[in-house]
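Peer 1: what's the 3D shape of this:
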Amino acid sequence: MRAWTEWSYVCPNHNTEPLESKMSLSSVAIVGAGQAGFQVAASLRQGGFKGKISLIGDEPDLPYQRPPLSKAYMLGKIKRESLAFRPETFFQEQDIDLIHDTAIEIDRQNRRVVLQSGTVCHYDHLVLATGAHNRPLALPGEDLQGVFGIKTLKDADALSPEVKSARDVVVIGAGFIGLEFAAIAVQNANVQVIDMGQRAMARAISQEMSEVFEETHQEWGVTFHFNQGVKRLIGSNGKVTGVEKEDGEILKADLVVYGIGVVPNIAIASEAGLTIENGIKVDSNLLTNDPHISAIGDVACFPCTHNEGQFTRIESVPNAMDQARAVAARLLGSPSPFSSVPWFWTDQGNLKLQIAGLSTGFDTTVTLGSKDSRQFSVLCFRKGHFVAVEACNRPGDHLAGKKILSRPPELTPAEANADGFDLKEWEKQHRD
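Peer 2: Predicted coordinates:
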């Protein structure tokens, strides 16, 4: 999984059965062996859980990191074996049953998961960490050779040799994944990026931050086409040769990579009768409407204290890990409402952007540092409340902002605008 794509939310009422005060568990099944699923299993064992743990993943590889797939792995800086969270011996030593199979049915009445192979996996508690899949292009020509999304290790392995030989690359989507890939591809190829939005990463970051990333990519040689959709992909002998924009312009391409968002993997949950709204809907303890089933990570829509309590689905590695630890703690007898500060990151060339908080609906910004040096931060406020920090090559501001967002007192726009204001120093002075 990558660092982050986007967050989204809905605002329904949510009712679940009461959280069980005590849970006597002898078996936990986890569907999804990505970051969230792996972390639940590891945290349960670390916390002393002695029962059976079944970790079910539909890929043949050991559970692995996804963020490097569009960056370091593509450049060959990280070897395949280094992507794994742990070696195979870890699962054996920790007595975690790693099952390479696809879950096709949840039998809630008998508390069991049916796998594609016909195997049945029983559980006292089930954790759904099914993640998300790439939103398809749904365009004429999407099945041409040379057209790729980046989501899995298989995707990255297929794309990596193409990057080395491509000369004309078109990236569809100016989000984090698309721009991470563009920063790599432009080192060897002509790169053009198409996006329906008005600017880079428009749904995720402030205009101030977006402008700097656009300018830097352009300095590297990337060409942007904003406010433009794609009409079709053009090919010859089964291989992509171009991309036709909605305005009729055709961009030459021997490689097309798209990153236009993801869709939560809800099918198995929906068929089992779990509540679905922008993902699998859970309460503040990450429980579904079945008290024996939790949902976490990219697929879970939860009441987010950092988004005014609105039901929110967050696609990020830190969120997946934090939710996994929270569920493991609950299953081990230490429940508490989930309230971790969301945070995200993206590496694009020599730009490292770290975000803490959710800037949804922000109306005021304060910029710290120097845009010219590419070392600056944007503080985002909504109705006078500090809601997020975007830190470009300023990790200290990211860490300080995350701490401020996790506890009172609140930082105000007036304080942030004061001459000589330093975010790290303010956080230090206002610690409890």
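Peer 1: how much space between the nearest residue to residue 91 once chain neighbours are set aside and residue 319?
Peer 2: Once flanking residues are discounted, residue 91 sits nearest to residue 98: 4.7 Å by Cβ to Cβ, 6 or more residues apart in numbering. (Each C-beta comes from the backbone N, C-alpha and C, glycine too.) Shown here: residue 98 relative to residue 319, a distance of 23 Å by Cβ to Cβ, to the nearest Å.
Peer 1: ditto for residue 226
Peer 2: Residue 226 is 29 Å from residue 319, by Cβ to Cβ.
Peer 1: More neighbours: these two, which one.
Peer 2: The residue with more neighbours, out of residue 226 and residue 319, is residue 319; 28 against 15, by other Cβ atoms under 10 Å.
Peer 1: Who are the contact partners of the more buried one?
Peer 2: 297, 340, 342 (Cβ atoms under 8 Å, 6 or more residues apart in numbering).
Peer 1: so it sits in a strand?
Peer 2: No: looking at residue 319 with DSSP: H, G, I helix; E, B strand; the rest coil, it is helix, so not inside a strand.
Peer 1: From residue 249, how far off is it?
Peer 2: Noted for residue 319: a distance of 38 Å to residue 249, by Cβ to Cβ.
Peer 1: What ranges in the stretch 301-432 of the chain fall below the confidence cut-off?
Peer 2: For the stretch 301-432 of the chain, applying pLDDT under 70 flags the ranges 432.
Peer 1: What segments of it are helices?
Peer 2: Ranges of helices within the stretch 301-432 of the chain are 317-331, 395-405, 413-417, 423-429, based on DSSP state H, counting those that start in this stretch.
Peer 1: Most tightly packed of the ones you listed?
Peer 2: Comparing the helices of the stretch 301-432 of the chain by mean neighbour count (mean count of other Cβ atoms under 10 Å), helix 317-331 ranks first with a mean of 23.
Peer 1: Just want the angle from it to helix 395-405.
Peer 2: 40 degrees (axes from the mean of the first three to the mean of the last three Cα atoms, to 10 degrees).
Peer 1: Please state the offset of helix 317-331 from the chain centre?
Peer 2: 15 Å (Cα atoms, centre = their mean, to the nearest Å).
Peer 1: per-residue pLDDT, residue 22?
Peer 2: pLDDT, residue 22: 41.
Peer 1: what do you get for residue 9?
Peer 2: The model's pLDDT for residue 9 equals 34.
Peer 1: and if you look at residue 74?
Peer 2: Residue 74 is assigned a predicted lDDT (pLDDT) of 84.
Peer 1: helix, strand or coil for it?
Peer 2: Criterion first, three-state DSSP; result for residue 74: coil.
Peer 1: picking up where we left off before, contacting residues for the residue nearest to residue 91?
Peer 2: With contact set as Cβ under 8 Å, 6+ apart, residue 98 has these partners: 33, 55, 57, 62-63, 91.
Peer 1: Redo those as a markdown table? Include pLDDT, neighbour count and distance to residue 292.
Peer 2: Shown next, in a markdown table, are those (pLDDT from 0 to 100; neighbours: other Cβ atoms under 10 Å; distance: Cβ to Cβ, whole Å):
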| residue | pLDDT | neighbour count | distance to residue 292 |
| --- | --- | --- | --- |
| 33 | 98 | 24 | 20 |
| 55 | 98 | 24 | 18 |
| 57 | 97 | 23 | 21 |
| 62 | 97 | 20 | 28 |
| 63 | 97 | 24 | 24 |
| 91 | 98 | 20 | 24 |
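Peer 1: what's the closest of those to residue 396?
Peer 2: Residue 396 lies nearest to residue 63 out of these, by Cβ to Cβ, at 31.8 Å.
Peer 1: Tell me if I'm right that the closest one and residue 40 touch.
Peer 2: No: in this structure, residue 63 is not within contact of residue 40 by Cβ atoms under 8 Å, at 11.1 Å.
Peer 1: Pipe the helices of the stretch 301-432 of the chain into CSV and attach distance to residue 271 per row.
Peer 2: Formatted as CSV, the helices of the stretch 301-432 of the chain follow (distance: least, Cβ to Cβ, whole Å):
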stretch, distance to residue 271
helix 317-331, 22
helix 395-405, 38
helix 413-417, 48
helix 423-429, 47
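Peer 1: Of these, give the one that comes closest to residue 270.
Peer 2: Residue 270 lies closest, by Cβ to Cβ, to one member of the helices of the stretch 301-432 of the chain: helix 317-331, at 20.1 Å.
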